[in-house]
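# Provided below for reference: sequence and predicted model.
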Amino acid sequence: MPRSAWDFLNAEIVACRNCPRLVGYREAVAREKRRAYREWTYWGRPVPGFGDHDARIILVGLAPGAHGSNRTGRMFTGDASGEFLYSALYRAGLANQPTALHAYDGLRLRDVFITAICRCAPPDNKPTPQEQANCLPYLAREFELLKRARVVVALGRIGMDGYLRLLRGQGHLPQGVEFRHGAVYALGPGLPALICSYHPSKQNTQTGRLTAAMLDEVFRKARKELNRKDSKDTGGK
Ligand code: SF4
């Protein structure tokens with residue numbers, strides 16, 4: 001089978017070593033492992049985007065979890081954040097199963113693609129501004145390939161800031177956007193709508209800052225935006 005533009009992009013991402021601190025960390029975590037996963041061969045490399053290449057809803061997260069995606073090699077797979085997120089996608093009819101255990105568990109997303117600002121697990125989940133900037137071109141190239149994108153759901157403030165930085169780099173000037181959970185912004189003609197959500201990290205879900213009902217509401221809003229855009233495209237007929 002001929003290799004697609006996605007294959008080329010993902011191969012480039014997976015081979016990337018542009019951030020020395022993150023390369024050192026992701027590989028050290030993969031060598032040392034967590035006791036519960038000592039039988040695993042950790043992925044220990046950058047994690048490419050995952051999901052439906054024809055998706056209209058694009059989720060932009062922060063970065064792989066050290067013992068989640070950095071272990072399994074698939075976005076939001078193998079940790080508590082992913083459990084919370086994929087069960088919400090399943091309830092919303094956007095995933096075929098509520099769980100994400102490993103890269104070959106049969107999970108399929110419908111109309112959703114998941115990506116992140118940084119592809120390598122950062123210490124304390126905090127990539128530096130330079131590391132975020134290093135990784136941004138990969139996000140730009142994914143969006144070039146995601147031709148049907150209509151709604152971007154930013155999972156957390158860093159996701160939102162990174163996506164806005166990407167738009168500014170492309171000459172767009174989104175105005176008046178502030179991070180507020182549940183806020184919906186029309187960013188301009190031809191651009192996907194932006195919806196902000198708290199990140200489904202353990203710190204947010206275990207403290208009740210982000211509940212399942214709140215995340216369900218985010219995906220209801222995403223669907224509403226799709227319907228609104230569809231009806232606009234057909235002149236409301
Ligand atoms: S974070 Fe991005 S730019 Fe940095 S090493 Fe990983 S893949 Fe490369």
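Done, it's in.

# drop to CA atoms for contacts and neighbour counts, all remaining ones
Fine.

# roughly how far apart are the closest residue to the ligand within the chain and Ala66?
Here the chain gets closest to the ligand at one residue, Cys135, 3.8 Å apart by C-alpha to the nearest ligand atom. Distance from Cys135 to Ala66, counting by C-alpha to C-alpha, to the nearest Å: 17 Å.

# Just want to know which of those two has more residues nearby.
Ala66 (26 against 20; other C-alpha atoms under 10 Å).

# Could you verify my assumption that the more buried one touches Ser81?
No - the criterion here is C-alpha atoms under 8 Å, and Ala66 misses it with Ser81 at 11.9 Å.

# Val153 belongs to a strand?
Yes - counting by DSSP: H, G, I helix; E, B strand; the rest coil, Val153 is located in a strand.

# ok, it to Ala5 distance?
24 Å.

# Report the angle between the longest helix seen in the chain and strand 151-155.
In the chain, with assignment by DSSP state H, the single longest helix is helix 212-233. Using axes from the mean of the first three to the mean of the last three C-alpha atoms, to 10 degrees, the direction of helix 212-233 lies 160 degrees away from that of strand 151-155.

# Run the chain-centre distance for helix 212-233.
Chain-centre distance of helix 212-233: 17 Å, with C-alpha atoms, centre = their mean, to the nearest Å.

# Okay, buried residues for that helix please.
Within helix 212-233, the residues that count as buried by 16 or more other C-alpha atoms under 10 Å are 212, 214-219, 221-223, 225-226, 229.

# Columns pLDDT on top of those residues, output as CSV?
As requested, the buried residues of helix 212-233 are exported to CSV (pLDDT from 0 to 100):
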residue, pLDDT
Ala212, 98
Met214, 98
Leu215, 98
Asp216, 98
Glu217, 98
Val218, 98
Phe219, 98
Lys221, 98
Ala222, 98
Arg223, 97
Glu225, 96
Leu226, 96
Lys229, 70
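
# Cool, thanks, signing off.
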